[in-house]
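> Structural data only, the sequence is not supplied:
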Ligand code: MN
(Lines give C-alpha, C1' and ligand atoms only; values in the text may rest on other atoms or scores of the structure.)
Protein backbone atom coordinates (compact mmCIF):
# COMPACT_ATOMS: atom_id res chain seq x y z
CA UNK A 1 0.00 0.00 0.00
CA UNK A 2 2.74 2.39 0.98
CA UNK A 3 4.19 4.07 -2.10
CA UNK A 4 6.79 6.10 -0.27
CA UNK A 5 4.58 9.04 0.59
CA UNK A 6 3.12 8.97 4.09
CA UNK A 7 0.16 11.09 3.08
CA UNK A 8 -0.96 8.68 0.38
CA UNK A 9 -0.64 5.72 2.72
CA UNK A 10 -2.82 7.50 5.24
CA UNK A 11 -5.48 8.29 2.64
CA UNK A 12 -5.55 4.74 1.24
CA UNK A 13 -5.80 3.37 4.80
CA UNK A 14 -8.78 5.56 5.46
CA UNK A 15 -10.45 4.48 2.24
CA UNK A 16 -9.84 0.81 3.07
CA UNK A 17 -11.36 1.31 6.51
CA UNK A 18 -14.44 3.01 5.07
CA UNK A 19 -15.14 0.11 2.75
CA UNK A 20 -15.03 -2.47 5.54
CA UNK A 21 -16.64 -0.58 8.40
CA UNK A 22 -20.33 0.21 8.70
CA UNK A 23 -21.39 3.64 7.42
CA UNK A 24 -20.43 6.37 9.87
CA UNK A 25 -23.88 7.99 9.80
CA UNK A 26 -25.95 6.91 12.81
CA UNK A 27 -29.01 4.72 12.11
CA UNK A 28 -31.28 7.50 13.40
CA UNK A 29 -29.80 9.98 10.95
CA UNK A 30 -30.15 7.54 8.06
CA UNK A 31 -33.84 6.99 8.91
CA UNK A 32 -34.52 10.72 9.00
CA UNK A 33 -33.07 11.06 5.52
CA UNK A 34 -35.28 8.61 3.67
CA UNK A 35 -38.25 6.25 3.97
CA UNK A 36 -38.52 2.68 2.69
CA UNK A 37 -41.62 3.83 0.77
CA UNK A 38 -43.44 7.12 0.33
CA UNK A 39 -45.41 8.06 3.47
CA UNK A 40 -49.16 8.59 3.05
CA UNK A 41 -50.02 12.25 2.41
CA UNK A 42 -50.62 14.51 5.42
CA UNK A 43 -54.42 14.77 5.98
CA UNK A 44 -55.57 18.38 5.72
CA UNK A 45 -58.66 20.59 5.89
CA UNK A 46 -59.22 23.80 3.92
CA UNK A 47 -59.46 27.13 5.74
CA UNK A 48 -62.09 29.69 4.80
CA UNK A 49 -60.52 32.77 3.18
CA UNK A 50 -57.04 31.24 2.96
CA UNK A 51 -55.10 29.19 0.46
CA UNK A 52 -53.18 27.55 3.32
CA UNK A 53 -54.23 24.14 4.61
CA UNK A 54 -54.76 22.94 8.19
CA UNK A 55 -52.68 19.78 8.86
CA UNK A 56 -54.76 17.31 10.89
CA UNK A 57 -52.92 15.51 13.71
CA UNK A 58 -55.53 13.55 15.73
CA UNK A 59 -59.32 13.48 15.88
CA UNK A 60 -60.98 13.25 19.28
CA UNK A 61 -64.75 12.88 19.63
CA UNK A 62 -66.82 13.43 22.74
CA UNK A 63 -69.73 11.05 23.28
CA UNK A 64 -73.21 12.03 24.48
CA UNK A 65 -72.67 15.74 24.96
CA UNK A 66 -76.22 17.00 24.40
CA UNK A 67 -78.84 15.99 26.98
CA UNK A 68 -81.55 15.04 24.45
CA UNK A 69 -79.15 12.84 22.45
CA UNK A 70 -77.84 11.25 25.68
CA UNK A 71 -81.44 10.33 26.54
CA UNK A 72 -82.15 8.94 23.05
CA UNK A 73 -79.05 6.71 23.41
CA UNK A 74 -80.12 5.57 26.90
CA UNK A 75 -77.38 7.35 28.86
CA UNK A 76 -77.18 9.47 31.99
CA UNK A 77 -76.50 13.21 31.56
CA UNK A 78 -74.63 13.37 34.89
CA UNK A 79 -71.83 11.05 33.69
CA UNK A 80 -68.40 12.64 33.14
CA UNK A 81 -67.47 13.18 29.47
CA UNK A 82 -66.00 10.25 27.57
CA UNK A 83 -63.99 10.26 24.37
CA UNK A 84 -63.15 8.11 21.39
CA UNK A 85 -60.99 8.77 18.35
CA UNK A 86 -61.16 8.73 14.60
CA UNK A 87 -58.12 8.57 12.33
CA UNK A 88 -56.73 11.86 11.01
CA UNK A 89 -57.35 10.66 7.45
CA UNK A 90 -61.08 10.14 8.21
CA UNK A 91 -61.63 13.93 8.06
CA UNK A 92 -62.77 14.65 4.50
CA UNK A 93 -63.77 17.89 2.86
CA UNK A 94 -64.65 16.62 -0.63
CA UNK A 95 -68.42 16.59 0.00
CA UNK A 96 -68.75 12.85 -0.57
CA UNK A 97 -69.51 9.99 1.80
CA UNK A 98 -69.09 6.58 0.16
CA UNK A 99 -71.51 4.16 1.89
CA UNK A 100 -69.23 1.92 3.99
CA UNK A 101 -68.94 -1.87 4.00
CA UNK A 102 -70.26 -4.34 6.58
CA UNK A 103 -73.23 -2.30 7.75
CA UNK A 104 -76.89 -1.68 7.02
CA UNK A 105 -77.41 1.14 9.53
CA UNK A 106 -75.17 4.18 9.07
CA UNK A 107 -76.14 7.23 11.14
CA UNK A 108 -75.35 10.93 10.78
CA UNK A 109 -74.22 12.79 13.92
CA UNK A 110 -73.96 16.50 13.20
CA UNK A 111 -71.22 18.13 15.28
CA UNK A 112 -69.33 21.37 15.82
CA UNK A 113 -65.64 20.67 15.17
CA UNK A 114 -62.99 22.56 17.14
CA UNK A 115 -59.50 22.76 15.59
CA UNK A 116 -56.44 23.43 17.76
CA UNK A 117 -53.41 25.55 16.83
CA UNK A 118 -51.47 24.56 19.95
CA UNK A 119 -51.87 22.12 22.81
CA UNK A 120 -50.32 20.74 25.96
CA UNK A 121 -51.28 18.73 29.02
CA UNK A 122 -53.44 19.64 32.00
CA UNK A 123 -54.81 22.78 30.35
CA UNK A 124 -57.12 24.75 32.63
CA UNK A 125 -60.62 25.54 31.28
CA UNK A 126 -59.90 29.27 31.62
CA UNK A 127 -56.79 28.90 29.40
CA UNK A 128 -58.34 26.49 26.86
CA UNK A 129 -59.74 28.87 24.26
CA UNK A 130 -56.34 30.36 23.43
CA UNK A 131 -55.43 27.02 21.83
CA UNK A 132 -58.36 27.13 19.38
CA UNK A 133 -57.51 27.81 15.75
CA UNK A 134 -61.05 27.70 14.43
CA UNK A 135 -64.31 25.83 13.93
CA UNK A 136 -66.02 23.75 11.27
CA UNK A 137 -69.26 21.92 10.60
CA UNK A 138 -68.61 18.18 10.81
CA UNK A 139 -70.53 14.90 10.78
CA UNK A 140 -69.49 11.95 12.95
CA UNK A 141 -70.65 9.16 10.62
CA UNK A 142 -71.35 6.02 12.62
CA UNK A 143 -71.97 2.36 11.71
CA UNK A 144 -74.68 2.13 14.40
CA UNK A 145 -75.24 -1.60 14.00
CA UNK A 146 -71.56 -2.32 14.60
CA UNK A 147 -71.55 0.13 17.53
CA UNK A 148 -74.58 -1.57 19.11
CA UNK A 149 -72.86 -4.95 18.77
CA UNK A 150 -69.65 -3.55 20.28
CA UNK A 151 -71.54 -2.07 23.22
CA UNK A 152 -73.24 -5.41 23.96
CA UNK A 153 -69.88 -7.21 23.97
CA UNK A 154 -68.05 -4.36 25.81
CA UNK A 155 -65.69 -4.05 22.85
CA UNK A 156 -64.03 -0.87 21.47
CA UNK A 157 -65.80 1.35 18.93
CA UNK A 158 -63.22 1.71 16.15
CA UNK A 159 -65.16 -0.33 13.60
CA UNK A 160 -68.22 1.85 14.25
CA UNK A 161 -66.47 5.22 14.28
CA UNK A 162 -62.99 5.26 12.70
CA UNK A 163 -63.58 3.96 9.18
CA UNK A 164 -62.73 5.61 5.86
CA UNK A 165 -64.57 8.89 5.10
CA UNK A 166 -66.25 8.77 8.56
CA UNK A 167 -65.56 12.44 9.37
CA UNK A 168 -66.97 14.72 6.66
CA UNK A 169 -65.92 18.25 7.56
CA UNK A 170 -66.36 21.72 6.09
CA UNK A 171 -63.70 24.42 5.75
CA UNK A 172 -62.33 25.70 9.05
CA UNK A 173 -63.43 29.19 10.01
CA UNK A 174 -60.72 31.03 11.98
CA UNK A 175 -61.74 31.61 15.63
CA UNK A 176 -61.54 35.40 15.34
CA UNK A 177 -64.35 35.24 12.73
CA UNK A 178 -66.70 33.16 14.92
CA UNK A 179 -68.50 35.52 17.28
CA UNK A 180 -70.26 33.00 19.54
CA UNK A 181 -68.85 29.47 19.45
CA UNK A 182 -70.90 28.54 22.55
CA UNK A 183 -74.35 29.64 21.32
CA UNK A 184 -76.17 29.32 18.03
CA UNK A 185 -78.42 27.03 16.02
CA UNK A 186 -77.06 23.68 14.81
CA UNK A 187 -79.14 21.57 12.43
CA UNK A 188 -78.93 18.85 9.78
CA UNK A 189 -81.30 18.02 6.92
CA UNK A 190 -81.40 14.86 4.84
CA UNK A 191 -82.85 15.47 1.36
CA UNK A 192 -84.36 18.75 2.63
CA UNK A 193 -86.06 17.16 5.67
CA UNK A 194 -84.96 18.40 9.08
CA UNK A 195 -83.49 15.52 11.11
CA UNK A 196 -81.37 17.12 13.81
CA UNK A 197 -81.76 20.44 15.50
CA UNK A 198 -80.32 22.02 18.61
CA UNK A 199 -78.26 24.86 19.97
CA UNK A 200 -74.56 24.92 20.83
CA UNK A 201 -75.49 26.15 24.32
CA UNK A 202 -77.11 22.76 25.00
CA UNK A 203 -73.69 21.07 25.27
CA UNK A 204 -73.33 19.34 28.64
CA UNK A 205 -69.54 19.87 28.58
CA UNK A 206 -68.63 23.15 26.91
CA UNK A 207 -65.59 23.57 24.65
CA UNK A 208 -63.17 24.84 27.37
CA UNK A 209 -64.06 21.91 29.62
CA UNK A 210 -63.70 19.39 26.77
CA UNK A 211 -60.20 20.71 26.02
CA UNK A 212 -59.31 20.66 29.73
CA UNK A 213 -60.60 17.09 30.18
CA UNK A 214 -58.88 15.80 27.03
CA UNK A 215 -55.57 17.44 27.94
CA UNK A 216 -55.59 15.50 31.21
CA UNK A 217 -55.80 12.25 29.25
CA UNK A 218 -53.64 13.03 26.19
CA UNK A 219 -51.01 15.56 25.15
CA UNK A 220 -52.96 17.82 22.82
CA UNK A 221 -51.11 19.14 19.77
CA UNK A 222 -51.49 21.74 17.06
CA UNK A 223 -53.56 20.05 14.36
CA UNK A 224 -55.89 18.17 16.70
CA UNK A 225 -59.61 18.22 15.96
CA UNK A 226 -62.37 17.73 18.54
CA UNK A 227 -65.84 16.61 17.42
CA UNK A 228 -67.90 18.13 20.24
CA UNK A 229 -70.96 15.87 20.29
CA UNK A 230 -74.28 15.73 18.51
CA UNK A 231 -77.77 17.04 19.27
CA UNK A 232 -80.72 14.62 19.19
CA UNK A 233 -82.29 13.32 16.00
CA UNK A 234 -79.52 11.03 14.75
CA UNK A 235 -80.72 8.66 12.05
CA UNK A 236 -79.90 6.44 9.12
CA UNK A 237 -78.85 7.50 5.61
CA UNK A 238 -78.77 5.59 2.35
CA UNK A 239 -76.98 5.83 -0.98
CA UNK A 240 -78.04 8.91 -2.93
CA UNK A 241 -79.05 10.94 0.13
CA UNK A 242 -77.80 14.49 0.52
CA UNK A 243 -76.97 15.72 4.01
CA UNK A 244 -77.01 19.49 4.56
CA UNK A 245 -75.57 20.64 7.86
CA UNK A 246 -75.46 24.13 9.38
CA UNK A 247 -74.03 25.90 12.40
CA UNK A 248 -74.78 29.59 13.00
CA UNK A 249 -71.63 31.65 12.56
CA UNK A 250 -69.64 28.72 11.14
CA UNK A 251 -71.47 27.93 7.92
CA UNK A 252 -72.91 25.07 5.91
CA UNK A 253 -71.72 21.65 4.80
CA UNK A 254 -73.27 19.54 2.05
CA UNK A 255 -72.35 15.87 1.80
CA UNK A 256 -73.66 13.40 -0.76
CA UNK A 257 -73.86 9.69 0.10
CA UNK A 258 -72.31 7.89 -2.87
MN1 LIG B 1 -70.67 11.78 17.85
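Sure, I can see it. Predicted model, so just to flag it, every value in this text is computed and none were measured. Numbers count the residues shown, from 1 in each chain.

> can we go C-alpha only for contacts and neighbour counts from here?
Noted.

> in this protein, what spans have low per-residue confidence?
Filtered on pLDDT under 70, the chain yields the residue ranges 1-32.

> repeat that with 50
Along the chain, the parts satisfying pLDDT under 50 run over 1-19.

> quick one: contacts for residue 121?
Taking C-alpha atoms under 8 Å, 6 or more residues apart in numbering as the criterion, residue 121 is in contact with 215-220.

> Could you turn the buried ones of those into a ChimeraX selection?
In ChimeraX, this line selects whichever of the contacts of residue 121 come out buried by 16 or more other C-alpha atoms under 10 Å:
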select :215,220
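
> How about residue 125, nearest residue that isn't a chain neighbour?
Of all residues not flanking residue 125 in the chain, residue 208 sits nearest, at 4.7 Å (C-alpha to C-alpha, 6 or more residues apart in numbering).

> Pop out the phi and psi values for that neighbour.
phi -60, psi -40 (degrees, to the nearest 10).

> Equivalent analysis for residue 146, please.
phi -70, psi -30.

> show me the contacts for it.
Contacts of residue 146 (C-alpha under 8 Å, 6+ apart): 103, 159-160.

> Could you provide those in CSV, with additional columns for distance to residue 237 and secondary structure?
Output for those, formatted as CSV (distance: C-alpha to C-alpha, whole Å; DSSP: H, G, I helix; E, B strand; the rest coil):
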residue, distance to residue 237, secondary structure
103, 11, coil
159, 18, helix
160, 15, helix
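
> Please indicate which of the residues you listed are buried?
Using 16+ other C-alpha under 10 Å, the buried ones in these are 159-160.

> quick one: which of the contacts of residue 146 is nearest residue 240?
Within these, distances to residue 240 taken as C-alpha to C-alpha reach their minimum at residue 103, with 16.2 Å.

> center of the protein, which residue is that?
What sits nearest the mean C-alpha location of the chain, by C-alpha atoms, centre = their mean, is residue 59, with 2.4 Å.

> right, and that residue touches residue 87 too?
Yes: assessed by C-alpha atoms under 8 Å, residue 59 is found in contact with residue 87 at 6.2 Å.

> what sits in contact with each of the two?
With C-alpha under 8 Å, 6+ apart, residue 59 and residue 87 have no common neighbours.

> helix, strand or coil for the nearest residue to residue 118 once chain neighbours are set aside?
Distance criterion C-alpha to C-alpha, 6+ apart; nearest residue to residue 118, sequence neighbours excluded, is residue 222 at 4.0 Å. Here residue 222 is coil, with the state taken from DSSP: H, G, I helix; E, B strand; the rest coil.

> so how many other residues sit close to residue 222?
19 (other C-alpha atoms under 10 Å).
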